[in-house]
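*Asks:* Show me the folded form of this:
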Amino acid sequence: MRHLFLATVLALLPGFPVMAEKAFVSNERGNTISVVDTATWEVVHEFFAGNRPRGITASPDGTKIYVCASDDSLVRVFDANTYEELPSLPSGPDPELFVLEQTGKRLYIANEDDNLVTVTDTETRTVIAEVPVGVEPEGMGLSPDGKFVVNTSETTNMAHFISTDDYKIKHNVLVDQRPRYAQYSADGKLLFVTSEIGGTVTVMDIAEDGTPTVKGKITFEVAGVQDEWLQPVGARVTSDGRRLFVALGPANRVAVVDVETLEVLDYILVGQRVWQLGFTSDEKYLLTTNGNSNDITVIDVAKEKAIKSVQVGQQPWGVVVVK
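*Replies:* Just a heads-up that it's a prediction; the model follows:
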């Protein structure tokens, strides 16, 4: 409390720099979190985050940061203001990605090593359910109404639609090889599933009851880049539903897709082995984590152009932005 009080007093002093937002970047090989001030695009802090931190998200109020410490087989929790480590959460073995429900109470975690999705209560810090899914679960997506959580299983090549009411799988949809990420549109009418080895994004129409139907697939082609390097991983949709951004891994590009036509409009050159993406809260900027160049790229969303590169820790993997 003393640290928080001091930080508040200092922030009110004339001339004291106030960060509008902070980007937290998980560095998979460096075992740290880099903190980037989005006003200056400078790294202002770095702290230990456990062994092999990958998936990262924040509580709805922005006060806590949750990190999948994959080699520790738990979710580490940090104060977003002081960076102090708080009591951790159980996750099951080798957590990679997770999604937090809108209330911040339930965390849905993909456990790559045991073919389970673990549901953890963030308040009681207990496991409340384990859902058997396909082989090597990874991607996690939550429907805007909170009724379904989607898991993608890398080896089974499926998207599993799990009811958040009873933790049962209601639908299984076959997608292309090694699905990595699942992203709903803000209105919940579309779901995008990236397939790293398949080189595609499967687009699904979502009915009012949550039932998915495959609408089509997005493919990619970049002059001078081998097809096998076009590996879709992270994806983000703008809140107005107009643009889909897709990280293409070793192609070092982010694809810009017109959601209405599913046409690829452009490819933005970023750092090496682009993996995950994260918007600032106003969606003015999109941040990419580039694992092999140890940096993040800042993309101006309106202009659909890369404007800056920021060096962070070793092998950045995930990113989340909080106020």
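
*Asks:* so where's the chain uncertain?
*Replies:* Applying pLDDT under 70 to the chain picks out residues 1-19.

*Asks:* could you redo the last one with a cut-off of 80?
*Replies:* Regions of the chain meeting the criterion pLDDT under 80 cover residues 1-20.

*Asks:* so where do the helices sit in it?
*Replies:* Remark: helices of the chain, listed N- to C-terminal, are 2-12; assignment by DSSP state H.

*Asks:* Report the contact partners of residue 283.
*Replies:* Listed by Cβ atoms under 8 Å, 6 or more residues apart in numbering, the contact partners of residue 283 are 238, 239, 301. For glycine as for every other residue, the C-beta is placed from the backbone atoms N, C-alpha and C.

*Asks:* mind redoing it with 6 Å?
*Replies:* Counting by Cβ atoms under 6 Å, 6 or more residues apart in numbering, residue 283 makes contact with 238, 301.

*Asks:* now swap in residue 101 and tell me
*Replies:* With Cβ under 6 Å, 6+ apart as the criterion, the residues that contact residue 101 are residue 146.

*Asks:* Tell me both backbone torsions, phi and psi, for it.
*Replies:* Backbone torsions for residue 101, taken as degrees, to the nearest 10, come to phi -70, psi 160.

*Asks:* That one and residue 145, how far apart?
*Replies:* Residue 101 sits 11 Å away from residue 145, taking Cβ to Cβ, to the nearest Å as the criterion.

*Asks:* could I have stretch 173-192 exported to CSV, CA atoms only?
*Replies:* Once non-C-alpha atoms are left out, stretch 173-192 reads as follows in CSV (Å, rounded to 0.1, in the frame of the first residue of the first chain):
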residue,chain,number,x,y,z
VAL,A,173,-14.5,-28.3,-36.1
LEU,A,174,-11.7,-29.7,-38.3
VAL,A,175,-9.3,-27.0,-39.4
ASP,A,176,-5.9,-27.0,-41.1
GLN,A,177,-2.6,-28.3,-39.7
ARG,A,178,-1.4,-27.1,-36.4
PRO,A,179,-4.0,-24.5,-35.3
ARG,A,180,-2.4,-21.9,-33.1
TYR,A,181,-4.9,-19.2,-32.2
ALA,A,182,-8.7,-18.5,-32.0
GLN,A,183,-10.1,-15.0,-32.2
TYR,A,184,-13.8,-13.9,-32.1
SER,A,185,-15.0,-10.7,-33.7
ALA,A,186,-16.3,-8.2,-31.2
ASP,A,187,-19.9,-8.9,-32.2
GLY,A,188,-19.4,-12.7,-31.8
LYS,A,189,-20.6,-13.5,-35.3
LEU,A,190,-17.2,-14.6,-36.7
LEU,A,191,-14.4,-16.8,-35.4
PHE,A,192,-10.9,-16.9,-36.9
